[in-house]
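Participant: turn this into a model:
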Amino acid sequence: MTSPPLRDRYAGLRADLCAASAAALLVLVAVLVGRHIQDTRRTLFVHWPPLFAEWDPHLGPGTPAAVLVAVAVVAYGPAVAARLPWRVLLLAAWATALAWTWSLALVDGWRRGVAGRLTTHNEYLTVIGRFHDLPAALRDFTHHIVSGSPGPWPAHVAGHPPAATVTFVLLDRAGLRGGGWAGAWCVTVGATACVAVLVAVRALADERLARRAAPFLVLAPAAVWVGASADGYFAAVAAWSVALLALAVTGRSAAWAAGSGLLYGLTCYLSYGLTLFALVGAAAVLVAGRRRPRPLPIVLFLAGLAVVPTVFTLAGFDWWEGYRLLVTRYYQGVGGIRPYGYWVWANLACTVLITGPATAAGLRRTGVSLARRRTVPRAESRLALLVAAALLALLVADLSGMSKAETERIWLPFAMWLLPACALLTRPRGWLTAQAALALLLNHLLLTGW
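Facilitator: All right, here's what the predicted structure looks like:
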């Protein structure tokens, strides 16, 4: 493929900078308007809108490591990602993502940044003792979702299907008790999401684009919230469901489809909203189907998909009833007070902050690739379709009104699939610098709530 003329390259860079500037302007407006609404009406229920965070400039034990990882990835990431053997690259990406996420979490210290995150009054670990009889707890789960019911669940337990809570119950029973182990689980598993996305991009687009995306997936500002929130763990499960499906439908092995279905079923029982990952999975099938339609993986996917819903249904949990009651609970609390007219666009400002300015520019290039799909390289067109599906899922979640605020955490699973758009950018080191600077500023100037 020949390089575009110099004039076209500079025009593309200017357009990228305009897209990044527009994203920055969106964040600025969300901050100013949000600050005014919160000061005058007190209806946002966040202290540093649009983020659930407080202004708290600070340094911590993770600061030196975070800066070191950022400098190393900016300086060497693109070159190393281009040269390492593929399997070594995947291992290196996971290790670097772990280092980046842990160092950012430890900027707030061990207790405040990791061990205490999942032990607050709204979190999962506060109800471990109520699951000593697991089958009985699952049968009784929906009876405690609505506020005013006997022993209502804390917000995060009520707001998710029981697989989220059961995960931490099983960790506790395995001897990995307390917030430290729970936080370590979320960070360790959550960091694998970048590997899953790389596997999918290579299978559905090509290896060159996956290698170009790798440093951006590793150095994502989203890592501020992956360490340590349960949504980082959810993001990894959802990502691997798509990755295994990508391997299956592109002919690696149809058996991967069963694993994909199993993980997608688990995803739906970790978070109601992540059923929208069906859009990303459908895009994977559509992209692969252009080359080789294969019905067997779909059959195996559906077989795997049936497992988790069957287990929970037989155990006594009704997913649809749980979701219906959650809607009631949501509007009983701050969800019924937070103004939709602000959050429907301010949520997108949160997305800018977790995906960074490079992703805003990458999404512009994604739109161009979709508009010119007959003239751009096929791999870029396939990548653009995958990213667009993730963006569509995010927008549906936004319009639903069930994600008003805190989307910097809630939308981590979708954010991971927007980041590959950065593979379409030129001058990766400059964009990586912007990504790292944003993450470091957010983590050192704000005390995030998750």
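Participant: quick one: which helix or strand includes the residue nearest to Trp431 when sequence neighbours are not counted?
Facilitator: Distance criterion CB to CB, 6 or more residues apart in numbering; nearest residue to Trp431, sequence neighbours excluded, is Ala358 at 3.8 Å. Placement of C-beta: from N, CA and C, glycine included. For Ala358, the host element (DSSP states H and E) is helix 340-371.
Participant: in the next helix or strand after that helix, what's buried?
Facilitator: Where DSSP H and E defines the elements, the next helix or strand beyond helix 340-371 is helix 378-399. Neighbour counts over helix 378-399 (16 or more other CB atoms under 10 Å) mark 379-391, 393-395, 397-398 as buried.
Participant: quick one, what contacts the residue nearest to Trp431?
Facilitator: 20, 216, 422, 425, 431-432, 434-435 (CB atoms under 8 Å, 6 or more residues apart in numbering).
Participant: same check, this time on Ala66
Facilitator: By CB under 8 Å, 6+ apart, the contact set of Ala66 is 100, 103-104, 107, 439-440, 443.
Participant: got it, and Leu104?
Facilitator: Counting by CB under 8 Å, 6+ apart, Leu104 makes contact with 62, 66, 223-224, 227, 439, 443.
Participant: will you turn these into JSON lines that also has distance to Leu263 and secondary structure?
Facilitator: Below are these laid out as JSON lines (distance: CB to CB, whole Å; DSSP: H, G, I helix; E, B strand; the rest coil):
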{"residue": "Gly62", "distance to Leu263": "30", "secondary structure": "coil"}
{"residue": "Ala66", "distance to Leu263": "30", "secondary structure": "helix"}
{"residue": "Ala223", "distance to Leu263": "22", "secondary structure": "helix"}
{"residue": "Val224", "distance to Leu263": "25", "secondary structure": "helix"}
{"residue": "Gly227", "distance to Leu263": "22", "secondary structure": "coil"}
{"residue": "Ala439", "distance to Leu263": "28", "secondary structure": "helix"}
{"residue": "Asn443", "distance to Leu263": "30", "secondary structure": "helix"}
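Participant: in PyMOL, select just the buried ones from those residues.
Facilitator: Of the contacts of Leu104, the buried ones can be selected in PyMOL as follows, counting by 16+ other CB under 10 Å:
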select buried, resi 62+66+223+224+227+439+443
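Participant: closest one of the contacts of Leu104 to Glu408?
Facilitator: Glu408 lies nearest to Val224 out of these, by CB to CB, at 8.0 Å.
Participant: state the distance from that closest one to Gly333.
Facilitator: Val224 sits 25 Å away from Gly333, taking CB to CB, to the nearest Å as the criterion.
Participant: most surrounded residue in the contacts of Ala358?
Facilitator: Counting neighbours by other CB atoms under 10 Å, the top entry in the contacts of Ala358 is Cys422, with 30 neighbours.
Participant: thinking that residue is in contact with Leu363, fair?
Facilitator: No - in this structure, Cys422 is not within contact of Leu363 by CB atoms under 8 Å, at 9.3 Å.
Participant: list the contacts for the spatially closest residue to Ile410 that is not a sequence neighbour?
Facilitator: Spatially, and ignoring its direct neighbours in sequence, Ile410 is nearest to Ser403 (5.5 Å; CB to CB, 6+ apart). By CB under 8 Å, 6+ apart, the residues touching Ser403 are 273, 343, 347, 397, 410-411.
Participant: need the max-distance pair from the residues you listed.
Facilitator: For the contacts of Ser403, with distances taken as CB to CB, the pair at the greatest spread is Gly273 and Trp343 (14.6 Å).
Participant: so if I had to pick from those two, which one is more boxed in?
Facilitator: Set Gly273 next to Trp343 and count neighbours by other CB under 10 Å: Trp343 wins out with 26 against 22.
Participant: what's the pLDDT at the more buried one?
Facilitator: Reading off the confidence values, Trp343 has pLDDT 98.
Participant: which residue packs closest to it, ignoring adjacent ones?
Facilitator: Lys404 (4.0 Å).
Participant: distance-wise, check that neighbour relative to Trp345.
Facilitator: Between Lys404 and Trp345 the computed distance is 11 Å (CB to CB).
Participant: who has more neighbours out of those two?
Facilitator: Between Lys404 and Trp345, Lys404 has the larger neighbour count (other CB under 10 Å), namely 23 against 14.
Participant: so what pLDDT did that one get?
Facilitator: Lys404 is assigned 94 on the pLDDT scale.
Participant: shaky segments in this protein?
Facilitator: 1-9, 290-294 (pLDDT under 70).
Participant: redo that, cut-off 80
Facilitator: 1-11, 252, 289-294, 450 (pLDDT under 80).
Participant: list the buried ones in the longest helix along it?
Facilitator: In the chain, taking DSSP state H as the definition, the longest helix is helix 6-40. Neighbour counts over helix 6-40 (16+ other CB under 10 Å) mark 12, 16, 19-20, 23-24, 26-27, 30-31, 33-34, 37-38 as buried.
Participant: just give the closest residue to Glu408, not the sequence neighbours.
Facilitator: Leaving out its chain neighbours, Glu408 is closest to Cys350 (CB to CB, 6+ apart), at 4.5 Å.
Participant: which residues does the one you found contact?
Facilitator: Contact partners of Cys350, counting by CB under 8 Å, 6+ apart, are 30, 50-51, 407-408, 411.
Participant: still on that earlier bit, what kind of secondary structure is the residue nearest to Ile410 in?
Facilitator: Counting by DSSP: H, G, I helix; E, B strand; the rest coil, the backbone at Ser403 sits in coil.
Participant: now, which of the contacts of Ala66 sits nearest His132?
Facilitator: Closest to His132 out of the contacts of Ala66 is Leu104 (35.1 Å), distances taken as CB to CB.
Participant: how much space between the closest one and Val127?
Facilitator: To Val127, Leu104 is 28 Å away according to CB to CB.
Participant: repeat that for Tyr272.
Facilitator: Using CB to CB, one gets 18 Å for the distance from Tyr272 to Val127.
Participant: what number of residues lie near the nearest residue to Pro78 once chain neighbours are set aside?
Facilitator: Distance criterion CB to CB, 6+ apart; nearest residue to Pro78, sequence neighbours excluded, is Pro428 at 4.7 Å. Using other CB under 10 Å, Pro428 has 21 neighbouring residues.
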